[in-house]
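Participant: below: sequence and its predicted model.
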There are 2 protein chains.
Amino acid sequence: MSIYALILAGGAGTRFWPASRARLPKQLLGILSERPLLAETIDRVRPVVGADERIFISSAASVAAATSVALPTFPEERILIEPVGRNTAPCIGWGAATIAREDPEAIVIVLPSDHHVTNLEAFTAALEAAIASAKDGHITTLGITPTRPETGYGYIEIGEKLGSGPSHRVARFVEKPDAKRAEAFVAGGRHLWNGGMFIFRAADMSAAIRAHLPALADGLAAFDAAAKEGREKDAVAARFCELPSISIDVGVMEKVEGLRVIPVDMGWSDVGSWEAAWELAPRDEAENAVRANAILIDARGNYVLDLRTRAVGERERVISLVGVSEMVVVATDDALLVVPRARAQEVKKVVDALRATGKTELL
Amino acid sequence: MSIYALILAGGAGTRFWPASRARLPKQLLGILSERPLLAETIDRVRPVVGADERIFISSAASVAAATSVALPTFPEERILIEPVGRNTAPCIGWGAATIAREDPEAIVIVLPSDHHVTNLEAFTAALEAAIASAKDGHITTLGITPTRPETGYGYIEIGEKLGSGPSHRVARFVEKPDAKRAEAFVAGGRHLWNGGMFIFRAADMSAAIRAHLPALADGLAAFDAAAKEGREKDAVAARFCELPSISIDVGVMEKVEGLRVIPVDMGWSDVGSWEAAWELAPRDEAENAVRANAILIDARGNYVLDLRTRAVGERERVISLVGVSEMVVVATDDALLVVPRARAQEVKKVVDALRATGKTELL
């Protein structure tokens, strides 16, 4: 029985424009360091799975090329490329089925590719507890101790504590709450953030999908059959779009019995905006987070990032801020963004404007 | 007797960094429009002198190449290139001497190359009055009606009004005042801004230089003698650095008798900072002055300028401001500046920092 990781890296987003693009999403960017978030996720889980051979990446056609560039040494055959996005249930189902072909008894760790974890020890310990729980036949999730009444995340209500370890029953999955409920969740101490991290035996996930998403189970069975004949790619290309588009939370987790949750406080962030990136980045004495050839004069609390590609020998561009505070300044080859940190979420409006004016080459 | 213009375009400055550089000063930039300020100055004076053949440009070795690029059709032989800067007295003296060789009776209009005039009719009328005054043998200057108690300019105190025209005697030149005196100057109505515009017969300037700056007069005489033998360039290269470094105001204007001043209210600006450029530039309904492929969302009163050079077919960079107000954002190929409009003068500090850190290629 081996431990595998399945890292979900097919998503797109707009909150890191102009660094992120439709074909170069957040998980492929070096937002917190020079290394892409996806590479950092691999680094984080590698000690638990023990070997790179047991890591699969779930990608998508639109971002596959950039993924290969971001992970130049990662074997192409372990990047599962969805021809179209069908939400997380088909994605996880296909990954679990692929792993089950290699080892039917495998334990699978599903992780998002674009989050950040500060406390690696806590992360690893929680995973080990979750693996033990999964070995006992329970689909298990990590529940993140909330640090604020966030309304942007789903929550997991914990149930009965089990044994001497950290494991609890899951009472229920809860959709994104309003502010009042979120406050109550944090105060009550029985709700954890759902960070999309799941640990299970491949066979258990297959059974759960068969029970709750039979159409998906049929599709995955067809991929298995095609794989035996060496033509899985064709089958995926032809039939992936027919799979039901549904999240693993709604399609499986909210329905399956015997779920377990491991609470974990590990300095987690979903790196949801330039503001979050500033919070996580190393900062100078004036609270500026800078990855650029910058000249800052009377400038405090800024996030400055230069992602220009340079020709060999070309000198670095200088970015200069004078008397500017708490601002995000991000420059790429073809775009420049200036937005106050506190309004970083509004970068989405720029993307909307680009789309509305047909400047699709900048999306 | 012909009318000539001598446009002083050898200066350098730091207030328009990163657009302006040591070898690409403000007068060569399209700050208010696509046309360089120098070209706009030529346009402004051309109707008065009547023909391009009677326009000389005083340039400097450090900016000569960029000047030729900025004025691709302007004849090289009418660009006087100072090998080193020696302030305005040698510059104007050499220009006047050069013009005097073509027409000893010539009237010379000396103009800075990097100012802006909104009311062209008022400018032209003042020049015509100044030319009439110069024909009578008076070195004449234009005095700009002050619109605020500016402490950054020199002033001209007007004396007795002469005849029915606008001409006055000059009572005296006044150095940059403190705030209190500047207030009194504006309230008193007898002080005008010294905009560095002088109109005189070439012969009268030669005589004034002979009387008050004999060392300069000797140097200019040597250039004249060399010119007769077709080797003026050699003489200038060898001896220009020996000329006394002194301004025309201090060296001549403050000493010569019989000076005249023509008051003029012509919407004048010395375009002294990015803030001034914003004031003069066309603006949209939200008071944004934009010359860039910009996306502005909830952004007011900004100055946005993109000076990137593009390869053929290369698409334009987009500059996006979200929730940003009264900011200057200027981008070039190798530098980016973000500074509040109200602090635009502090761009000088960036230039100082570049110099201090040895990044001279960006100066």
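Facilitator: Alright, I've got the coordinates.

Participant: rest of the way, CA atoms for contacts and neighbours
Facilitator: Noted.

Participant: for the residue nearest to A:L220 when sequence neighbours are not counted, pull up the helix or strand it's in.
Facilitator: Closest residue to A:L220 apart from its sequence neighbours, by C-alpha to C-alpha, 6 or more residues apart in numbering or on different chains: A:W94 at 6.2 Å. For A:W94, the enclosing helix or strand under DSSP states H and E is helix A:88-102.

Participant: which residues touch the residue nearest to A:R343 when sequence neighbours are not counted?
Facilitator: Distance criterion C-alpha to C-alpha, 6+ apart; nearest residue to A:R343, sequence neighbours excluded, is B:G323 at 7.2 Å. Going by C-alpha atoms under 8 Å, 6 or more residues apart in numbering or on different chains, B:G323 touches A:339-340, A:343, B:297-299.

Participant: now the residues you listed: which count as buried?
Facilitator: Neighbour-count burial (16 or more other C-alpha atoms under 10 Å in any protein chain shown) applied to the contacts of B:G323 gives A:339-340, A:343, B:297, B:299.

Participant: chain B contacts on the stretch 251-363 of chain A?
Facilitator: Within the stretch 251-363 of chain A, the positions near chain B by C-alpha under 8 Å from any C-alpha of the partner chain are A:295, A:297, A:315-324, A:333-340, A:343, A:346-347, A:349-350, A:353.

Participant: sort out for me which of those are in strands.
Facilitator: Residues of those located in strands (DSSP state E): A:295, A:297, A:318-322, A:335-340.

Participant: looking at the residues you listed, which is nearest B:A238?
Facilitator: A:V318 (38.7 Å; C-alpha to C-alpha).

Participant: would you confirm that that closest one contacts A:R291?
Facilitator: No: when contacts are counted by C-alpha atoms under 8 Å, A:V318 is not listed as touching A:R291 (11.0 Å).

Participant: could you report the pLDDT at A:E257?
Facilitator: Looking at A:E257, its pLDDT reads 91.

Participant: quick one: end-to-end distance for stretch A:112-120.
Facilitator: Start and end residues of stretch A:112-120 are separated by 16 Å (C-alpha to C-alpha, to the nearest Å).

Participant: follow-up on the earlier one: filter the residues of the stretch 251-363 of chain A next to chain B down to the buried ones.
Facilitator: A:295, A:297, A:316-324, A:335-340, A:343, A:346-347, A:349-350.

Participant: now whatever residue of the stretch 101-250 of chain A ends up closest to chain B: closest residue in space that isn't a chain neighbour?
Facilitator: Nearest residue of the stretch 101-250 of chain A to chain B (C-alpha to the nearest C-alpha) works out as A:G152 at 22.0 Å. Using C-alpha to C-alpha, 6+ apart and skipping residues adjacent in sequence, the residue nearest A:G152 is A:K176, 6.0 Å away.

Participant: next, the contact list for that neighbour, please.
Facilitator: A:151-155.

Participant: need those in TSV (columns: pLDDT and secondary structure).
Facilitator: Formatted as TSV, those follow (pLDDT from 0 to 100; DSSP: H, G, I helix; E, B strand; the rest coil):
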residue	pLDDT	secondary structure
A:T151	95	coil
A:G152	93	coil
A:Y153	95	coil
A:G154	95	coil
A:Y155	97	strand
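
Participant: pull out the buried members of the residues you listed.
Facilitator: By 16+ other C-alpha under 10 Å, the contacts of A:K176 give A:151, A:153-155 as buried.

Participant: which one of those is nearest to B:V186?
Facilitator: Nearest member of these to B:V186, counting by C-alpha to C-alpha, is A:T151, at 59.5 Å.

Participant: my guess is the closest one meets A:A182, correct?
Facilitator: Yes: counting by C-alpha under 8 Å, A:T151 does reach A:A182; the two are 6.2 Å apart.

Participant: same question for the strand with the most length in chain A, mean pLDDT?
Facilitator: The residue-count maximum for a strand in chain A (DSSP E) belongs to strand A:191-201. Average pLDDT, strand A:191-201: 98.

Participant: report the angle between it and helix A:88-102.
Facilitator: Strand A:191-201 runs at 30 degrees relative to helix A:88-102, counting by axes from the mean of the first three to the mean of the last three C-alpha atoms, to 10 degrees.

Participant: following strand A:191-201, which helix or strand shows up next?
Facilitator: Criterion used, DSSP H and E; the element after strand A:191-201 is helix A:202-212.

Participant: ok, residues contacting that next one?
Facilitator: Residues contacting helix A:202-212 (C-alpha under 8 Å, 6+ apart): A:93, A:96-97, A:99-100, A:104-108, A:137-139, A:216-218, A:251-252, A:255-256.

Participant: helices or strands next to whichever helix or strand comes after that helix in the packing?
Facilitator: Downstream of helix A:202-212, the next assigned helix or strand under DSSP H and E is helix A:214-228. Where contact means 3 or more C-alpha pairs under 8 Å, 6 or more residues apart in numbering or on different chains; DSSP states H and E, helix A:214-228 is packed against helix A:88-102, helix A:202-212, helix A:232-239.
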